[in-house]
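**Q** Next one to model:
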Amino acid sequence: MAELSDATYDVIVQRVTITITDVQLQSELIDHCCCTIEELMNLGMPCEEAIDLAFLRLAPEGLHEIEDAFNHIQTPLILTIMKKTVYFSGFVATFCILIGLMFKIMHWPGASAILVTGNLSLTVCLLAILFGLLTSKTTFPRLTYSRNLFGIVGGMLVASGIFFKIMHWQGGSILLVLGMFLITFIFLPIFFWQLYRSEMK
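**A** Numbers count the residues shown, from 1 in each chain. Just a heads-up that it's a prediction; the model follows:
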């Protein structure tokens with residue numbers, strides 16, 4: 001039974017890693033190519049021809065087509081996870097912040113813990129939205145992209161400022177002021193201007 005030499009294995013690794021960037025996919029393709037080449041060599045084929053034929057069978061148009069297909073499969077999964085994260089954390093944030101404010105107004109115990117949970121959930125929600133925005137920025141007009149980015153960053157600063165205030169940490173006021181500044185003077189004017197312009201059209 002034919003066995004691959006270290007030099008042949010290095011050639012396979014180089015041909016895979018020079019095109020494929022995903023580490024897990026690299027490992028899978030290297031194993032597959034090694035098995036195919038060993039089978040071809042057992043049939044009497046020279047090593048160089050076996051390597052070329054194995055890669056030709058694997059990807060006639062080149063290894064990049066495999067990674068393109070792999071990314072196409074992975075993208076909907078990532079988007080599904082991101083959407084679930086946004087909806088779940090957004091619900092928890094809204095619920096906890098409203099309940100926490102009611103507890104705070106009524107001076108009931110546990111208000112701070114509920115507000116902390118709500119603000120942490122809001123931060124997770126905004127991070128998921130920010131990830132989606134950064135990965136699909138080419139699909140947004142420049143002004144809309146800037147508006148969303150300032151809104152997300154402002155919301156995260158406000159949530160962090162409230163969290164710092166509850167924990168009595170320094171810097172809470174600065175975070176709150178910066179967040180409210182971004183939302184009030186950048187996000188909201190752009191948002192209402194775009195809303196007004198779309199309605200006028």
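**Q** What pLDDT is listed against I51?
**A** For I51, the pLDDT comes out at 87.
**Q** Where does it fall, secondary structure wise?
**A** helix 47-58 (DSSP states H and E).
**Q** now L143
**A** Assigning secondary structure by DSSP H and E places L143 in helix 142-166.
**Q** The helix or strand just after that helix: which residues count as buried?
**A** Proceeding N to C from helix 142-166, the next assigned helix or strand is helix 172-182, under DSSP H and E. Across helix 172-182, burial judged by 16 or more other Cβ atoms under 10 Å covers G172, L175, L176, L178, G179, L182. In short, each C-beta sits where N, CA and C put it, glycine included.
**Q** does T21 count as helix, strand or coil?
**A** What DSSP: H, G, I helix; E, B strand; the rest coil gives for T21 is coil.
**Q** so what's it closest to, chain neighbours aside?
**A** Of all residues beyond its chain neighbours, the one nearest T21 is E67 (6.9 Å), with distances taken as Cβ to Cβ, 6 or more residues apart in numbering.
**Q** between the strand or helix carrying that neighbour and helix 142-166, how many degrees?
**A** Per DSSP H and E: E67 is located in helix 64-105. Counting by axes from the mean of the first three to the mean of the last three Cα atoms, to 10 degrees, helix 64-105 points 40 degrees away from the direction of helix 142-166.
**Q** Check which helices and strands helix 64-105 is in contact with.
**A** helix 23-42, helix 111-135 (3 or more Cβ pairs under 8 Å, 6 or more residues apart in numbering; DSSP states H and E).
**Q** ok, 10 Å please
**A** Judged by 3 or more Cβ pairs under 10 Å, 6 or more residues apart in numbering; DSSP states H and E, helix 64-105 is in contact with helix 23-42, helix 111-135, helix 142-166.
**Q** now what about the first one, what contacts it?
**A** This means helix 23-42. 1-4, 8-9, 11-13, 15-17, 19-20, 22, 45-47, 49-55, 57-59, 63, 66-67, 70-71, 74 (Cβ atoms under 10 Å, 6 or more residues apart in numbering).
**Q** Excluding chain neighbours, what is closest to the most centrally placed residue in the chain?
**A** Closest to where the C-alpha atoms of the chain average out (Cα atoms, centre = their mean) is F131, at 4.7 Å. Here the nearest residue to F131 in space, its sequence neighbours aside, is M82; by Cβ to Cβ, 6+ apart that works out to 6.3 Å.
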